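Peer 1: 3D model of this:
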Amino acid sequence: MKDMQLLHNGKVYRGQVSYEGNDLMEVSCTDPSSFAGGESVIAFNYRTKAQMRVLRVSQSKLILVPADSELFHIQAAGSQIYDDMYRDEDKVFTSYKLNTYGTLIDDFKTMAVRFTNVSRLGFGFEVNDFSVKMNHVFDTMIMCDEATIHPKLIVRYAHIQEKTIRYGAEIHSISEKDLSKLRYYLVTQQFLAK
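Peer 2: Sure, this is the predicted structure:
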């Protein structure tokens, strides 16, 4: 294991790196409870220095990702921002592939859907019929391994494919706890896919 120091809120913590990749670093450190998800940390040793953000805190370890990671751009945002993004077709955003199931809930009707991807623009999902209302806020439940998250989504577009209909929905609202679960799930899925 490689020694690493973490500069956080003006204090230096000693740590050891148990895994280091381009998009993920796992560090055992002296006092992980001093850190919180989303906080900035400078990870350094005599060879390297990197600006990181805390993705997850456990009893003995921290999961860190690069500070400029697209993961931290996935969040609820106003529709005005999305209108600007959709107009500029040259903008490209990182999309994280998903293959998980969940539900859209509208009043007393629950519809099973397959979520295929997520980006800063929102979630993509597929369903086999046209019963999904456009520009409507849905309560959702999305499976993230053993956990579930419950964002509210607004369906913005539909695209007919050969055997299914692909919908795009922006994130209307999501709790910080669910956002943290989603980010951790995305990192672990990308890691397992390699």
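
Peer 1: so what are the domain limits for the protein?
Peer 2: 2-68, 71-193 (automatic domain parsing).

Peer 1: which ones are touching F93?
Peer 2: By Cβ atoms under 8 Å, 6 or more residues apart in numbering, the contact set of F93 is 70, 73, 85, 119-121. In short, each C-beta sits where N, CA and C put it, glycine included.

Peer 1: equivalent analysis for A43, please.
Peer 2: 4-6, 15, 25, 27, 49-50, 52, 64.

Peer 1: and those, which of them are in strands?
Peer 2: Under the assignment DSSP state E, the contacts of A43 contribute 4-6, 15, 25, 27, 49-50, 52, 64 to strands.

Peer 1: buried subset of these, written for PyMOL?
Peer 2: To isolate the buried ones among these in PyMOL, judged by 16 or more other Cβ atoms under 10 Å, type:
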select buried, resi 4+5+6+15+25+27+52+64
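
Peer 1: so which of the ones in strands among the contacts of A43 is the closest to S58?
Peer 2: Nearest to S58 among the ones in strands among the contacts of A43: V27, at 10.8 Å, using Cβ to Cβ.

Peer 1: distance of the closest one from S131?
Peer 2: 47 Å (Cβ to Cβ, to the nearest Å).

Peer 1: how about M143?
Peer 2: On the measure of Cβ to Cβ, M143 and S131 end up 21 Å apart.

Peer 1: which one of the two has more residues nearby?
Peer 2: The neighbour comparison of M143 against S131 (other Cβ atoms under 10 Å) goes to M143, with 15 against 11.

Peer 1: may I see the buried residues of the helix or strand harbouring Y184?
Peer 2: Assessed by DSSP states H and E, Y184 sits inside helix 176-193. Going by neighbour count (16+ other Cβ under 10 Å), the buried part of helix 176-193 is 178-189.

Peer 1: same deal with stretch 20-36?
Peer 2: 20, 24-29, 32, 35.

Peer 1: after the lowest-mean-pLDDT helix or strand in the chain, which helix or strand is next?
Peer 2: Least confident helix or strand of the chain, by mean pLDDT, DSSP states H and E, is helix 79-87 with a mean of 49. Past helix 79-87, further along toward the C-terminus, the next helix or strand under DSSP H and E is strand 96-106.
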